[in-house]
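1. One predicted model, sequence on top.
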Amino acid sequence: MNSTCDLIIESLKDEPIGDTDHFIWFITDIGIVALFKRGENFEKYSSNVEIEANKIDLDISKEEKEYLNIKEKQFFLFYS
């Protein structure tokens, strides 16, 4: 596993910054991570993730977004 993945997994041990319908939100050293709560295909929630971020006062509209699957956990990673 690479260092980026290690940083993200390590950040999940910290207190989340928010919790929405489909995601638990964390701050990492490389950006904001939205951990998907469910086992279904999370990519279909790509458009919902920005709406849910707004519910916890996060503006991620200008951030780059990546889909990640690390250790059977599904994420969106937002970074500048």
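-> Looks like it came in fine.

2. What is the burial count for Ser11?
-> Around Ser11 there are 18 other residues, counting by other CB atoms under 10 Å. (Glycine included, C-beta is placed from N, CA and C.)

3. now do Phe23
-> Phe23 - counted by other CB under 10 Å - has 26 other residues nearby.

4. Would you mind measuring from the one residue sitting closest to the centre of the chain to Thr4?
-> Among the residues of the chain, the one closest to the centroid is Ala34, at 1.7 Å (CA atoms, centre = their mean). Separation of Ala34 from Thr4 (CB to CB, to the nearest Å): 16 Å.

5. repeat for Leu68
-> In terms of CB to CB, Leu68 sits 9 Å off from Thr4.

6. Around Phe36, how many other residues sit close by?
-> By the criterion of other CB under 10 Å, Phe36 has 21 neighbours.

7. hey, what's it bridged with?
-> For Phe36, the beta-bridge partners under DSSP bridges are Phe23.

8. That one is in contact with Phe42, isn't it?
-> Yes - counting by CB atoms under 8 Å, Phe42 is a contact partner of Phe36 at 4.0 Å.
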